[in-house]
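Student: Quick check, what structure comes out for this input:
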Amino acid sequence: MIDSGGVQFGLAVLMYRQDDPNKCTASRLVKFHMANEVRRIPASFVVLNPYSDKLLTCHDAKIFKGICGIDCSWKHASKVIQTPKKYSNNRKLPALLAGNPTNYAKLGMLSTVEAISGALYILGFKIKSNEILNKFRWGHTFMDLNSEILEDYSKALDEDEVKSIEKEYFPNYFN
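Tutor: Numbers count the residues shown, from 1 in each chain. The predicted model follows:
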């Protein structure tokens, strides 16, 4: 549970255990008591779902009481998550570059910890965003690649502004 200025905000992961356990970032978050493993997604948590139609914005911090990451293999993600309607409270992260060694600098191919860290930053929990990355040798790389865009996303007033920022940073991908 994050306590930031009197605001309680939880972190959870729904784990499918499809990846190499030694590389599983969600397992490490649970091991260090930075997130709770759940079998069911809490209804008051935002679900990070790359297939959602709705983008995460800073205003979601007022709506939700936590973040739930879905930890599964990218190879199986479309089958596991299936559709944006499978989970309630879905939000897609805006475009970010992976800093993890497996998918370094690939757009959107984030590890679970990167996704949660990015969401925390956008929602205004910037210190906690960096803290969870500190458990990984490569964690700083995610912030090095995305610090400016995360700051811009965290200030965006709505989804349209987030989309505009995406197009500005990644014109070849979004045009």
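Student: contacts for the helix ranked longest in the chain?
Tutor: Secondary structure of the chain per DSSP state H: the longest helix is helix 139-155. Contacts with helix 139-155, where a contact means C-beta atoms under 8 Å, 6 or more residues apart in numbering, come from 57-58, 94-100, 104-105, 110, 113-114, 117-118, 121-124, 126, 129-130, 132-134, 162, 165, 169. Quick note: C-beta positions are derived from backbone N, CA and C, even for glycine.
Student: got it, and stretch 158-169?
Tutor: For stretch 158-169, contacts defined as C-beta under 8 Å, 6+ apart pick out 54-55, 57, 59, 94-95, 149, 152-153, 156, 173-175.
Student: Which members of the contacts of helix 139-155 are classed as buried?
Tutor: Buried residues within these, defined by neighbour count using 16 or more other C-beta atoms under 10 Å: 57-58, 94-100, 110, 113-114, 117-118, 121-124, 126, 129-130, 132-133, 162, 165, 169.
Student: What about these, which are in helices?
Tutor: 113-114, 117-118, 121-123, 126, 129-130, 132-133, 162, 165, 169.
Student: now the helix or strand where residue 12 lies, how far from the chain's geometric center?
Tutor: In the assignment (DSSP states H and E), residue 12 maps to strand 7-15. Relative to its parent chain, strand 7-15 has a centroid offset of 11 Å by C-alpha atoms, centre = their mean, to the nearest Å.
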